[in-house]
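> I need the structure of the sequence given here:
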Amino acid sequence: MTGSLDVAVATAERAADELRDGIVTGALPPGTPLREVTLAAELGVSRNTLREALRLLATEGLVSQRLHKGAVVNTMSSERIRDIYAVRRTIELRAVEESGAASAAALAAIEAAVGATERAAAAGDWREVGTASLRFHCAVVATLGSPMLDAFFRGVTAQQRLAFAVVADERRVQQRWVALDREICDLIHAGYRAAAGRALRDYLDASERMVHGLVAEGAGAGATPIVRGA
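Sure thing, here's the model as predicted:
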């Protein structure tokens, strides 16, 4: 019985991971209805397993479950954004402070993530730039070597992505951060942790101001969500 329960939990977690990735990449923007029948078939899981996956995402603030109406991808509020950036400052700045103890593999992952961001920018794929940039920040947090923090922070970055989704032209949102990601990466690799921390704090302060503006702009425009599985 315990083995069956473990398998069911692991399957629900995998389904939640796939849906979370869809949010991070922008494939599931705010307001997207999450149809049980369609998604269960796409993910190859039972409807009960899908419901558990949606429950997991609801605890992360990514999904709202409405009585008799099903689940929907959340829209970001100003209060949620302030909370996201409070978390990001706490975790990311700590990661930079302790990056001197990071493994060679962890530092290589930071470089690889920045490289992916730069390649996406060169190709003009601005949605992918946003995704790669979030993965860069996940790689910074991963230098702490905590799988629990990594899992938690992936949920935070998925919420961050929901704020980007209200903008049709992602270039104007993402372009400015490419060089800043590179600067932070290079400072970490050079061992200039204090300078990297200052650059990251400035980055997060400017990013928070921008995201608040995006959410206010999206609310004013009354953006229509993309419907999935309609």
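> Tell me who's in contact with A190.
If you count contacts by C-beta atoms under 8 Å, 6 or more residues apart in numbering, A190 has none. C-beta coordinates here come from the backbone N, C-alpha and C atoms, glycine included.
> again, only using 10 Å
A196 (C-beta atoms under 10 Å, 6 or more residues apart in numbering).
> Now do it, the pLDDT please.
Note on A190: pLDDT of 97.
> From A196, how far out is it?
8 Å (C-beta to C-beta, to the nearest Å).
> got it, and V140?
9 Å.
> overlap in contacts of the two?
Joint contacts of V140 and A196 (C-beta under 10 Å, 6+ apart) are L93, A95, V96, S99, I184, C185, I188.
> Would you check which pair of those lies furthest apart?
The largest separation in those, counting by C-beta to C-beta, is between L93 and C185 at 15.3 Å.
> And these two? Which one has more around it.
Per other C-beta atoms under 10 Å, whichever of L93 and C185 has more neighbours is C185, with 22 against 17.
> In the lowest-mean-pLDDT helix or strand in the chain, which residues are buried?
Here the helix or strand of the chain ranked lowest by mean pLDDT, DSSP states H and E is helix 2-24, holding a mean of 80. Within helix 2-24, the residues that count as buried by 16 or more other C-beta atoms under 10 Å are T11, A12, A15, A16, L19, R20, G22, I23, V24.
> If we only consider those, which is nearest to F152?
R20 (11.7 Å).
> how close does the closest one get to C138?
From R20 to C138 the distance is 12 Å (C-beta to C-beta).
> Check the contact lists of the two and give me the overlap.
Listed contacts common to R20 and C138 are R154, T157; contacts here mean C-beta under 10 Å, 6+ apart.
> so how many other residues sit close to the nearest residue to G191 once chain neighbours are set aside?
Counting by C-beta to C-beta, 6 or more residues apart in numbering, G191 lies nearest to G100, which is 6.5 Å off, once chain neighbours are set aside. When neighbours are defined as other C-beta under 10 Å, G100 has 10 of them.
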